[in-house]
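>>> A predicted structure for the sequence below; I have some questions about it.
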Amino acid sequence: MSPRLQRLRAEIASDLGTFASRIDDLAKLPPLAQADRASLAEAAVALHHAYGAIESALARIARAVDDGLPEGPEWHQALVQVMALAIDSVRPAVVCDKTRELLQRLLGFRHFFRHAYAVELDGVRLEELRRHATSLLPLLRDDLGRFDRFLADAGAAQP
């Protein structure tokens, strides 16, 4: 297998590990609907970083396998969309539709978190996002595990 494919597989695994660590951080927090500001801020940062880790993995795949990231101002949304598509003679879908849907919800929060400087964090909304992120972990393990097997098979087929 080429060193490039081996590195891609290792980087995707590392990004998934980072996502799992942020989910562990979220699990340690109290119920967010009644949480203090510090706990809400900690949850928001963990959600932001969790999404960022998975976006990094998807971007790596787009660069290495799809020959580049989507372009334009909405490239973050397009990246999630394209990763749910199988591309003939290139790759299978990287994520399933349920994973795509939950990633889009976290992406929406990421955008809010980066741009809503003067808005108070909503504990009820953060609790809902924590549930979404937590339910994403096994889906991502399945999806990225399946994609890793695709990469391993593709690498084994190379001369």
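Yep, it's here. Residues are numbered from 1 along each chain as shown.

>>> list the contacts of residue 140.
Residues in contact with residue 140, defined by Cβ atoms under 8 Å, 6 or more residues apart in numbering, are 16, 19, 54, 95, 99. Yep, even glycine has a C-beta here, placed from its N, CA and C like the rest.

>>> any chance of TSV for those residues, columns secondary structure, pLDDT and neighbour count?
Shown next, in TSV, are these (DSSP: H, G, I helix; E, B strand; the rest coil; pLDDT from 0 to 100; neighbours: other Cβ atoms under 10 Å):
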residue	secondary structure	pLDDT	neighbour count
16	helix	98	20
19	helix	98	25
54	helix	98	27
95	coil	98	26
99	helix	98	23
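
>>> between those residues, which is nearest residue 112?
Each of these was scored against residue 112 by Cβ to Cβ, and residue 54 proved nearest at 17.2 Å.

>>> contacts only, for residue 111.
Counting by Cβ under 8 Å, 6+ apart, residue 111 makes contact with residue 76.

>>> 7 Å instead, please
Going by Cβ atoms under 7 Å, 6 or more residues apart in numbering, residue 111 touches no other residue.

>>> so residue 143 makes contact with residue 93?
No. With contacts counted by Cβ atoms under 7 Å, residue 143 stays clear of residue 93, the gap being 8.2 Å.
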